[in-house]
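Visitor: model this:
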Amino acid sequence: MGGVITGFGVIASIIAAGYVLGRRDALGANGREVLTRLAFSVATPALLFTILSESDPSALFSAPLAVTALSMAAAAALFALVALVGRWGARTAGMGALCSSYVNAGNLGIPIASYVLGDAALVAPVLLLQQLVVTPVAVTLLDAGSRREGGRTGVLTVLTTPLRNPIAVAALSGVAVAVTGITVPDPLMQPFELVGSMSVPAVLLALGISLHGSPVPARGPERRHVLLAVVLKSLAQPAAAWAIGTWLFHLDGELLFAVVVLAALPTAQNMYTYASRYGVATRMVREAVLLSTIATFPVLVGIALMHG
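Guide: As a prediction, the model looks like this:
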């Protein structure tokens, strides 16, 4: 359980530092926006390229990852269905679906995989799935939506959106390096590693800054959106992972425990980066990230106790 406490402690301390910066207006009126753009345009692409270029693409073809993918799809589909019935709007439905399914496999998943599951490599396939498949698709749709609102549409524009998006380009480039087996020389890789190390702190600081002056979570007009996303992320997704893993793939023991724990991880902070970058449901995403992170600790404790 030490890994859970350590992971949450790191996240909470950096968010708190961001809150103090926002309270003191240390970075000025545009501090949050600058950090968000830095993370989206430079730091996160560098981090993704570093991680994916050293990954094993064959990890995409495994039963545990299939369970993860199906449980993510189930949570996302449930939010989208409710949003469709409630007429919440397509872009809100899209961001809510991401908040309900996209796990914090990086800065929280890695320490938990290391200290709770005993193997940091268990989180690598999830990172690969999210960064190779989910992220490029999500940012492409968000980018296309923003272009459509700006009056610029067209099949060619939509199809070439990933080629203009730094997140998608970095993810695809990293996988290309991994698949081809190219070894990037250290002098060329070190700048990516150094710049990529800014990604998680920048996102967490921006999230902390945004909390200053914000109302109490889940009490505003998007209360239903936020609570639905948190319930789906914290409870429905791990429950779906257990059911799918047990009944469809016949997983048991430590392997089943691992997929359920990874499914219970909170909403990734980079969802707030995407929401801010495209101006979509930023309050809903901010509150969903915060509340799901808080809710994850007792959920993980409960899963550990049930596993024995």
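
Visitor: the residue most central in space within the chain and residue 243, how far apart?
Guide: The centroid of the chain falls nearest to residue 268 when counting by C-alpha atoms, centre = their mean (3.1 Å). Note on residue 268: its distance to residue 243, by C-beta to C-beta, to the nearest Å, is 23 Å. Using the backbone N, CA and C atoms, a C-beta is placed for each residue, glycine as well.

Visitor: before we move on, back to that, my understanding was that the residue nearest to the centre of the chain contacts residue 100; is that so?
Guide: No - in this structure, residue 268 is not within contact of residue 100 by C-beta atoms under 8 Å, at 11.7 Å.

Visitor: confidence score at residue 249?
Guide: pLDDT recorded at residue 249 is 94.

Visitor: list the contacts for it?
Guide: Residues in contact with residue 249 (C-beta atoms under 8 Å, 6 or more residues apart in numbering) are 63, 66-67.

Visitor: how much space between residue 295 and residue 302?
Guide: 11 Å.

Visitor: now residue 39
Guide: 32 Å.

Visitor: which of those two has more neighbours?
Guide: The neighbour count for residue 39 versus residue 302, taken as other C-beta atoms under 10 Å, is higher for residue 39 (29 against 13).

Visitor: isn't the more buried one right up against residue 206?
Guide: Yes - the criterion here is C-beta under 8 Å, and residue 39 meets it with residue 206 at 7.0 Å.

Visitor: so what sits against both of those two?
Guide: residue 273.

Visitor: out of the contacts of residue 249, which one has the weakest pLDDT?
Guide: Within the set of the contacts of residue 249, pLDDT is lowest for residue 63 (89).

Visitor: residues in contact with it?
Guide: 249, 251.

Visitor: could you rerun that using 6 Å?
Guide: residue 249 (C-beta atoms under 6 Å, 6 or more residues apart in numbering).

Visitor: where's it relative to residue 246, distance?
Guide: 12 Å.

Visitor: with residue 212 instead?
Guide: Taking C-beta to C-beta as the measure, residue 212 falls 44 Å from residue 246.

Visitor: so residue 103 sits right up against residue 264, yeah?
Guide: No - the pair formed by residue 103 and residue 264 falls short of the contact definition of C-beta atoms under 6 Å, at 8.2 Å.

Visitor: of those two, who's got more company?
Guide: residue 103 (28 against 25).

Visitor: so the residue nearest to the centre of the chain makes contact with residue 104?
Guide: Yes - contact between residue 268 and residue 104 holds when scored by C-beta under 6 Å: they sit 4.3 Å apart.

Visitor: tell me where the stretch 201-308 of the chain has helices.
Guide: Assigned by DSSP state H, counting those that start in this stretch, the stretch 201-308 of the chain shows helices spanning 223-231, 237-247, 253-263, 270-278, 282-307.

Visitor: helices and strands around the fourth one, which ones?
Guide: Same thing as helix 270-278. helix 90-101, helix 199-211, helix 282-307 (3 or more C-beta pairs under 6 Å, 6 or more residues apart in numbering; DSSP states H and E).

Visitor: count the residues that sit near residue 82.
Guide: 19.

Visitor: with residue 133 instead?
Guide: Using other C-beta under 10 Å: residue 133 sits among 13 other residues.

Visitor: quick check: it vs residue 186, distance?
Guide: From residue 133 across to residue 186, the span is 29 Å (C-beta to C-beta).

Visitor: next up, the contacts around residue 307.
Guide: Counted by C-beta under 6 Å, 6+ apart, residue 307 has contacts residue 257.

Visitor: follow-up on the earlier one: now the helices and strands packed on helix 270-278 in TSV, with mean pLDDT?
Guide: Converted to TSV, these look like this (pLDDT from 0 to 100):
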stretch	mean pLDDT
helix 90-101	91
helix 199-211	84
helix 282-307	87
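
Visitor: got these as TSV, with distance to residue 80 columns?
Guide: Putting those into TSV (distance: least, C-beta to C-beta, whole Å) gives the following:
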stretch	distance to residue 80
helix 90-101	5
helix 199-211	24
helix 282-307	14
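
Visitor: among these, which is nearest residue 226?
Guide: Nearest to residue 226, of all the helices and strands packed on helix 270-278, is helix 282-307, at 4.6 Å by C-beta to C-beta.

Visitor: and the closest one with helix 270-278, angle?
Guide: Helix 282-307 and helix 270-278 are oriented at 170 degrees to each other (axes from the mean of the first three to the mean of the last three C-alpha atoms, to 10 degrees).
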